[in-house]
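> Just the structure for this:
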Amino acid sequence: DAAQRAVAADPTSQWAHHALALVSFYRHELDAFFAEAERAIALNPNHAFPLAEFGQHLCFLGDERGIAFVKKAMKLDPFHPTWFYIAITVHHFERGEYEQALVAARKITMPRLYWPKIHLAAIYAQLGRDKEAQAALEELLKLYPGFSIEILVEELRKYNATEDRIQRFVAALRKAGLPE
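Residues are numbered from 1 along each chain as shown. Okay, the predicted model is just below:
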């Protein structure tokens with residue numbers, strides 16, 4: 001409701017459309033997400049943060065436009081936050097390009113964020129680097145005690161992941177040793 005009121009109060013506000021897009025995404029209203037994200041970008045196509053955030057969400061959906069948005073955001077802001085690399089990591093992981101995914105994941109310098117640990121554990125497991133997968137998993141469980149395959153599936157569904165994508169992550173994290 002607040003995001004809709006913000007858009008109604010100022011239809012030219014990129015941030016209002018940005019907020020409404022994200023609300024729509026997490027409510028699994030993807031048509032509304034796409035419409036609001038496109039409107040927000042049209043209002044300011046050179047603002048790195050919304051481009052990267054929408055790009056990341058598009059990557060979670062498997063939409064090829066996502067990686068282009070993130071790369072554009074990186075060019076617009078050469079001192080961008082390292083979370084921009086999450087989308088790059090997901091993009092490469094989804095394609096089985098584990099070495100490239102690892103390079104991107106290692107650039108994320110957010111020690112209290114658990115998603116990079118999930119990605120690292122999955123990537124290392126897929127590369128057959130069991131000790132490193134286990135170390136990443138241990139770091140994950142310190143940040144998120146009790147994290148399990150069941151919680152992973154719930155988290156991925158929040159991000160509108162398809163069953164195929166969910167199973168890809170589940171298989172990798174089972175290989176890494178994540179408990180059910």
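
> Could you pull up the mean pLDDT of stretch 122-138?
Rounded to a whole number, the mean pLDDT of stretch 122-138 is 97.

> Quick one: end-to-end distance for it.
From its first residue to its last, stretch 122-138 covers 13 Å (C-alpha to C-alpha, to the nearest Å).

> what sits up against that stretch?
Taking contacts as C-beta atoms under 8 Å, 6 or more residues apart in numbering, the residues outside stretch 122-138 that touch it are 89, 93, 96, 98-99, 101-102, 105, 117, 120-121, 169, 172-173, 175-178. Placement of C-beta: from N, CA and C, glycine included.

> ok, of those residues, which come out buried?
When neighbours are counted using 16 or more other C-beta atoms under 10 Å, these contain these buried positions: 89, 93, 98, 101-102, 105, 117, 120-121, 169, 172-173, 175-176, 178.

> Sort out for me which of those are in helices.
Cross-referencing these against helices under DSSP state H gives 89, 93, 98, 101-102, 105, 117, 120-121, 169, 172-173, 175-176.

> What is the most widely separated pair among those?
Based on C-beta to C-beta, the longest span within those runs between Thr89 and Lys175 and measures 17.4 Å.

> Which single one of the buried ones among the contacts of stretch 122-138 is nearest to Lys72?
With C-beta to C-beta as the yardstick, the closest approach to Lys72 among these comes from Thr89, at 17.5 Å.

> got a list of what that closest one touches?
With contact set as C-beta under 8 Å, 6+ apart, Thr89 has these partners: Ala101, Ala104, Ala105, Ile108, Pro116, His119, Ile123.

> switch the cut-off to 10 Å
Applying C-beta atoms under 10 Å, 6 or more residues apart in numbering, one finds that Thr89 lies in contact with 56, 59, 100-108, 115-116, 118-120, 122-123.

> Show me where the chain has its helices.
With DSSP H as the criterion, the chain has helices spanning 2-9, 14-26, 30-43, 48-61, 65-76, 84-94, 98-105, 115-126, 130-143, 149-158, 163-176.
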